[in-house]
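> Need coordinates for the below:
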Amino acid sequence: MRNKLFSYIQRKFVILSCIVTLFLLFVSNVPNLQATDNPSSSLSLSKDTAYLSGDTVVAMVVDVDRNTSLTAADTLTTALKLTGSNYSVGTDLLMNLVESGVNTSTFLATITTGTTTSGGGTGANSGTVKAIQGGIANVIYTDTAPTVSAFAKNLSFSSSDATLAFDADSYSLGSYALITLVDAERNTSSSAAQSLLSDVFIQTSSANRTKVRMVETGADTGTFKGSIQVASSGGTTEFSRIQASEGDTLDITYVDEVNTTGSPRTVTDTATVMAAGSSIPTPTPTPDTTAPTGSININNDSTYTNSNTITLGLSASDDIGVTDYYVSTSSITPSVNDSGWVSISSTASFSEDVSHTLSSGDGDKTVYVWYKDDSGNISNVASDSIILDTTTPTVSITSPTSDDTYTTTSSVIAIGGSASDSTSGISSVTWSNNKGGSGTASGTTSWLTSSISLLSGENVITVTATDGAGNTGSDTITITHNTDTVSTPTPTLMPSLSPTPTLTPTQEPSSKGIISGYVINAREYPIESAKIRLKGVNLKVLKKTTSDEDGLFEFTNLDADTYTITALKKGYKTVKQTITLEAGEEKDIEIVIKKTKRR
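You can find the predicted model right below:
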């Protein structure tokens, strides 16, 4: 009995050992089995079904293990892939996932639908995927920490069939016809309402036909509304009026290019024109949700001014019309009803030079401007800066003497000295002789004239320094050319015909420095037309330039100082760098600017 029991236990142990061995072999061949259940990682999509053209889907990955930097947002290079499930997208779309902020552990990428797959790559977290009716794409995130694993979501594609309709079956003469278009494919922006200007037509006949302006009811709605007056006279005018008679039929048409049929289809609706009623019709205006866009420049983009009165170059545009502008030295956006708005005649394109008075006190001055349309939409702020310098520069003659008078038997002389200006710097130094002759000295803060011809008697030499704002300061010296003691010139007098060697070191062409560089984006592509501003910390120098088509820029003729370099470009984040420049030094820098994220 005891032997049978032992044999039974032994057989059970062998069976259990086989089961454990098979399980371990299975686990060793499926390394991702545990990783896919990693609770610290997840993948989600902002929508599971997208339209075929221009629709936007945001892929979001939450992965604590991939947040490795404590000071900067992390990038997961080509960690997201889109591939076709039941159709071919062409080349698979690979994209980066970029952390939404420092230490958030949330990584984002943006997918846009279109007719071909494009974009993406190691430098981008956005791209376009080819979408077809009924297509399904696999969105796959590859995790590498703590072990390699993959997360996948299905993204389906389906077209929408557009609808177009009047809000009533009939309209009396003088009233407004309201039209509604619903077409998800025409909504190509997830952040701003859009307008359709050449898509919806209204007619009473082929000879009496015009367009209707359609404006989206809000960002990412895909619903557009428009209105037009049905008038008995005045003629048919684009966007505003169609002339008709009692009994006419109003036809509206729209061509739906992308739909479930795969071919363009025309959608229509009709309404009848009735006799004018006794009541005055209430217009139903087309909604306007688009704000104007505008800009400003001060004194034609000058860097300095020596007058508190400046000229603002204002410019703006709007689909409907710019009606007001608001100028301020504060960056706080005004309210629609603020008393500071200046009214103008409504115009789609506005441009005007306006006089403005700066506050007193030398230094950097910034002016802000906003523009408003008739619907109360206010533009984003535009601004420009200029340095006010009303202080005259100082200039001193130190060679051949710092005294007011000097006597020489030579018929020529060179004069040297120094000049300074704490706000806009010295731009030039010139001289003139009351006995005749004038010229420009070499150097600025330390300068030296060429040989100045002297006539017998007193020669009053005036040296004038001009700063960057156009202010001038001067110093004079009276040099007496004494010819009474001159007989036959001896060889020892010949060196006085040219500047003495001791004055040569005061020339400083080589003491001027250069800062040059280039502006690129995160993908290392050059950025053209970026605004580059250089500002001195101690000398208060301010210079402006723009990058060329290769992203290059250069500032020359710089004195030794610490400079702040600022790069600005619409749609990109502003970047600043601080550069210390020694006398005569040349420095080359790289500025990388990143696009601002849409919210």
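> Could you list which residues are in contact with the residue nearest to S170 when sequence neighbours are not counted?
Of all residues not flanking S170 in the chain, T272 sits nearest, at 4.2 Å (CB to CB, 6 or more residues apart in numbering). Just so you know, the C-beta spots here come from the backbone N, C-alpha and C atoms, and that holds for glycine as well. Contact analysis of T272 by CB atoms under 8 Å, 6 or more residues apart in numbering lists D169, S170, Y171, G247, D248, T249, L250.
> Hmm, L358 and S385 touching each other?
No - assessed by CB atoms under 8 Å, S385 is found out of contact with L358, at 10.9 Å.
> list residues touching both of these two?
K365.
> Who has more neighbours out of those two?
L358 (18 against 14; other CB atoms under 10 Å).
> before we move on, the earlier item: need the contacts of T272 in CSV (columns: distance to A124).
Output for the contacts of T272, formatted as CSV (distance: CB to CB, whole Å):
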residue, distance to A124
D169, 51
S170, 53
Y171, 50
G247, 59
D248, 54
T249, 52
L250, 48
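> Now a ChimeraX select for only the buried ones of the residues you listed.
Paste this into ChimeraX to select the buried members of the contacts of T272, with burial taken from 16 or more other CB atoms under 10 Å:
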select :171,248,250
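> Take the contacts of T272 and keep only those in strands.
If you go by DSSP state E, the contacts of T272 have S170, Y171, T249, L250 in strands.
> And the pLDDT at the second one?
Model confidence at Y171, expressed as pLDDT, equals 92.
> which stretches of the stretch 201-350 of the chain have low pLDDT?
278-287 (pLDDT under 70).
> where along the chain do the helices fall?
With DSSP state H applied, the chain shows helices at 2-29, listed in chain order.
> same question for stretch 128-142, mean pLDDT?
91.
> what are the bridge partners for A231, then?
Q243 (DSSP bridges).
> List the contacts of stretch 63-76.
Residues contacting stretch 63-76 (CB under 8 Å, 6+ apart): 38, 40-42, 61, 96-105, 107, 125, 143-146.
> Go ahead and build a ChimeraX selection from the buried members of those.
Here is the ChimeraX command that selects only those of those that count as buried (16+ other CB under 10 Å):
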select :38,41,61,96,97,98,99,105,107,125,143,145
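> From Y326, how far out is the residue nearest to S170?
Here T272 is placed at a distance of 47 Å from Y326 (CB to CB, to the nearest Å).
> same deal with D338?
Taking CB to CB, one finds D338 at 7 Å from Y326.
> These two - which one has more neighbours?
Y326 (20 against 14).
> show me where the stretch 201-350 of the chain has strands.
208-216, 223-231, 241-243, 249-256, 265-274, 293-298, 304-305, 309-328, 342-357 (DSSP state E, counting those that start in this stretch).
> Can you lay out the ones you listed as TSV showing distance to A522?
Compiled in TSV, the strands of the stretch 201-350 of the chain are given as follows (distance: least, CB to CB, whole Å):
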stretch	distance to A522
strand 208-216	31
strand 223-231	35
strand 241-243	50
strand 249-256	38
strand 265-274	42
strand 293-298	25
strand 304-305	35
strand 309-328	30
strand 342-357	34
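> so which of the ones you listed comes closest to S396?
S396 lies closest, by CB to CB, to one member of the strands of the stretch 201-350 of the chain: strand 304-305, at 22.5 Å.
> From start to finish, how long is stretch 550-566 in a straight line?
This stretch, stretch 550-566, spans 18 Å end to end (CA to CA, to the nearest Å).
> now stretch 87-98
From start residue to end residue, stretch 87-98 stretches across 28 Å - CA to CA.
> my guess is T445 meets G417, correct?
No - the pair T445 / G417 is not scored as a contact, 10.1 Å apart, by CB under 8 Å.
> more crowded one of these two?
The neighbour comparison of T445 against G417 (other CB under 10 Å) goes to G417, with 22 against 19.
> Just the closest of the ones in strands among the contacts of T272 to T115, please.
L250 (34.6 Å).
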